[in-house]
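In: structure of the sequence below:
(chains A and B)
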Amino acid sequence: MNKTDKAKQYWKANIKYVLILLAIWFLVSYGAGILFKNELNTIKIGGFKLGFWFAQQGSMYVFVILIFVYVRLMNKLDKKYGYDE
Amino acid sequence: MNSLMIEAISVQNWTYILVGLTFALYIGIAIWSRASSTKEFYVAGTGVSPLANGMATAADWMSAASFISMAGIISFAGYDGAVYLMGWTGGYVLLALLLAPYLRKFGKFTVPDFIGDRYYSQTARIVAVVCALLVSFTYVAGQMRGVGIVFSRFLEVDINTGVIIGMLIVLFYAVLGGMKGITYTQVAQYCVLIFAFMVPAIFISIQMTGNPIPQLGFGSELGDGSGTYLLDKLDGLSKELGFAEYTEGSKSMIDVFAITLALMVGTAGLPHVIVRFFTVKRVRDARKSAGIALLLIVILYSTAPAVAVFARTNLIETVSDKPYAEVPQWFKKWETTELVVFTDKNADGNIQYLAGDAFIKGENGKFDFSKPNPDSKNELYVDRDIMVLANPEIARLPNWVIALVAAGGLAAALSTAAGLLLVISSAVSHDLIKKVYKPNISEKGELIAARLSAVGAVCVAGYFGINPPGFVAAVVALAFGLAAASFFPAIILGIFYKRMNKEGAVAGMIVGIVAMLLYMIKYKLGWFDETLPDKSEWWFGISPEGFGTVAMILNFIVAILVMKFTKAPPKDVQDIVDNIRIPSGAGEASHH
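Out: Okay, the predicted model is just below:
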């Protein structure tokens, strides 16, 4: 595998991760917290209506998890392609 | 004996002690970490650990507004407050996934550096500098004012004296230490502010629900054994008094969507946030420190909505339909500073706290407390800042906790102001003097220029803090829209679209920022019309705060269209793009 091909493959894998993670990012905040909040609000967990909870709590927790998942995935990917240091 | 002595110290003295101690700490750190080269001054020598950078980013990010006003805003906005919670945290996902690693690999000092080099154009660089200055100045003026307000409320000095004290402190450690000094003071400031925010929140959560974790507490049953959930109770109370149901909100869905997106993208495009990721050693550290920063921010941001619910319920229960003669001490105290104002419209001696404006707004857009509003039965004006400021008093917490809130508020305001001032000074000394007007300036000369521009920036910020132009408050909230409309698309396209050229990027940035400015001037400041146009005239029902989303989309469209009709960027620029996509070798890349 030459240098450019390697870089291209690495980039493709990275873009795939980014797209998947951003889809989740969109779903929890704009989806659960805004667009489908009324539907989710019919479900209650403890004192929280679910849509409200996603908007004011859940989405933020998922954001933190998403970044750390990306950190892990990319550290692995860097290693696989020899870009780690 | 000991605890008696602690109780005997007044709030005032506790405030002097805690604020004095924290200030001494900041100054000590500044002397220890002073900068000796431009690299240290602009990017702390790129040797900051991911944890330290994460803490510094979190402190840099959380301003006086986050610390003092956000919980208050949420407690009045209910569900709608989610736009700030999601908007100001979701942007970090974009930063970590789309911006920080590549900008770190690129390895220069500032955001205009990237724009100027990637778009091989001095015009692009200058447009970026103008955008950076516009965004940072509007933002910093609000911070200096915030410092003044915190001082005046807790130390009973004049707001202007407060601004000047704040200026001197920031001047000292920003000018001496540059990014290096700022980074390590921000680490200390994060610790102070998060402790100051969490302690009262935990106390109040235990008082109201018996649960020590505020994030769980506000979804729990009330501690009075009634078996009612706190949120259900608040929904009921809000409805009774004519407010929107707390968990439902009143903004339209499209506006909530647009504001959230504008804030997220704006966060990712703010120069003082982006530049923090230039300070770490490796690309992987940039990703990791974005995660740590967000984690540390979310500790405060997930607590704020809980504080909002506690404070709102407490407030309604304490004042609604209660005789004015029997209000508690804190009410009287904050009345003297007009953060709560009562007018007995129906002369029954009781406080009717209902939806609607209690007073009529004067010419300057602020309430005129000599003119009760006859169209509303509401008799009480409550400033939203009181929700955090008075919270410890409402819950009868010890004096030292009340003083701690003052030290925390100051830490939040100072850390953000310092970060912004650094962006302003590096925009002037590096992007303008070194890169445009005097490329052969010596390292020493540039360092002197950087320090002088920091002094200049502090003075200008202080001037606006003391003489706030009427529109500053309105504009601060829109700094995000401006950042979203200008930087974000240019940086994203610069990284992810190799074919993007200077013509497209410059056209996009100009169209984006001009569209944002025009919409803001028309619908927020009302300068084009006799009176401010009504909400019903907003495009697609999107408020000026949310318009950054539209302006950003315009920027993307214009940039891509213009690019299609102009020639591709030169080979060496395309090579830069290939290079920043590969994480290894960030160390070498930082030689400028």
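In: these two touch, right, B:Ala65 and B:Gly142?
Out: Yes - the criterion here is C-beta atoms under 8 Å, and B:Ala65 meets it with B:Gly142 at 7.1 Å. For every residue, glycine as well, the C-beta is placed using N, CA and C.
In: output the below-cut-off pLDDT ranges for chain B.
Out: B:1-8, B:154, B:363-365, B:469-477, B:587-592 (pLDDT under 70).
In: quick check, central residue of it?
Out: The residue lying closest to the centre of chain B (C-alpha atoms, centre = their mean) is B:Ser63, at 4.4 Å.
In: picking that back up, looking at B:Ala65 and B:Gly142, which one has more neighbours?
Out: Of the pair B:Ala65 and B:Gly142, B:Gly142 is the one with more neighbours under other C-beta atoms under 10 Å in any protein chain shown, namely 26 against 22.
In: quick check: the more buried one vs B:Met86, distance?
Out: 22 Å (C-beta to C-beta, to the nearest Å).
In: ok, the closest residue to chain A within the stretch 101-250 of chain B - contacts?
Out: Nearest residue of the stretch 101-250 of chain B to chain A: B:Tyr229, at 3.2 Å (C-beta to the nearest C-beta). Applying C-beta atoms under 8 Å, 6 or more residues apart in numbering or on different chains, we find B:Tyr229 in contact with A:46-47, B:219-222.
In: return the closest of the residues you listed with respect to B:Val577.
Out: B:Gly219 (46.8 Å; C-beta to C-beta).
In: doesn't A:Gly46 make contact with the closest one?
Out: Yes - using C-beta under 8 Å, B:Gly219 makes contact with A:Gly46 at a distance of 4.5 Å.
In: of the two, give the one with the bigger neighbour count.
Out: Neighbours were counted for B:Gly219 and for A:Gly46 using other C-beta under 10 Å; B:Gly219 has more, 22 against 12.
In: what sits closest to A:Trp25 if chain neighbours are left out?
Out: B:Val93 (5.0 Å; C-beta to C-beta, 6 or more residues apart in numbering or on different chains).
In: and if you look at B:Val506?
Out: B:Val506 sits nearest to B:Ala124 (C-beta to C-beta, 6+ apart), 5.1 Å away.
In: isn't there a strand covering the one you found?
Out: No - using DSSP: H, G, I helix; E, B strand; the rest coil, the assignment for B:Ala124 is helix, not a strand.
In: hmm, back to that, which residues touch the residue nearest to the centre of chain B?
Out: B:139, B:142-143, B:146, B:412-413, B:416.
In: please repeat the previous calculation with a cut-off of 6 Å.
Out: B:143, B:412, B:416 (C-beta atoms under 6 Å, 6 or more residues apart in numbering or on different chains).
In: can I have the buried ones of these as a PyMOL selection?
Out: A single PyMOL command is used to select the members of those judged buried by 16 or more other C-beta atoms under 10 Å in any protein chain shown:
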select buried, chain B and resi 143+412+416
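In: for B:Asp578, which non-adjacent residue is closest in space?
Out: A:Ala7 is the one closest to B:Asp578 (C-beta to C-beta, 6+ apart), at 6.5 Å.
In: phi, psi for the one you found please.
Out: When read as degrees, to the nearest 10, the backbone of A:Ala7 gives phi -60, psi -40.
In: elements contacting the helix or strand containing B:Val458?
Out: B:Val458 is located in helix B:443-466, with elements delineated by DSSP states H and E. Helices and strands touching helix B:443-466, by 3 or more C-beta pairs under 6 Å, 6 or more residues apart in numbering or on different chains; DSSP states H and E, are helix B:38-43, helix B:122-155, helix B:159-209, helix B:399-426.
In: and the longest one with chain A, contact?
Out: So that's helix B:159-209. No - on the criterion C-beta under 6 Å from any C-beta of the partner chain, helix B:159-209 is out of touch with chain A, staying 9.1 Å away.
In: got the angle between that helix and helix B:122-155?
Out: 70 degrees (axes from the mean of the first three to the mean of the last three C-alpha atoms, to 10 degrees).
In: which SS state does B:Tyr246 fall under?
Out: coil.
In: tell me who's in contact with it.
Out: B:78, B:234-235, B:238.
In: secondary structure class of the most centrally placed residue in chain A, three-state.
Out: In chain A, the residue lying closest to the centroid (C-alpha atoms, centre = their mean) is A:Leu21, at 2.8 Å. Judged by three-state DSSP, the three-state class of A:Leu21 is helix.
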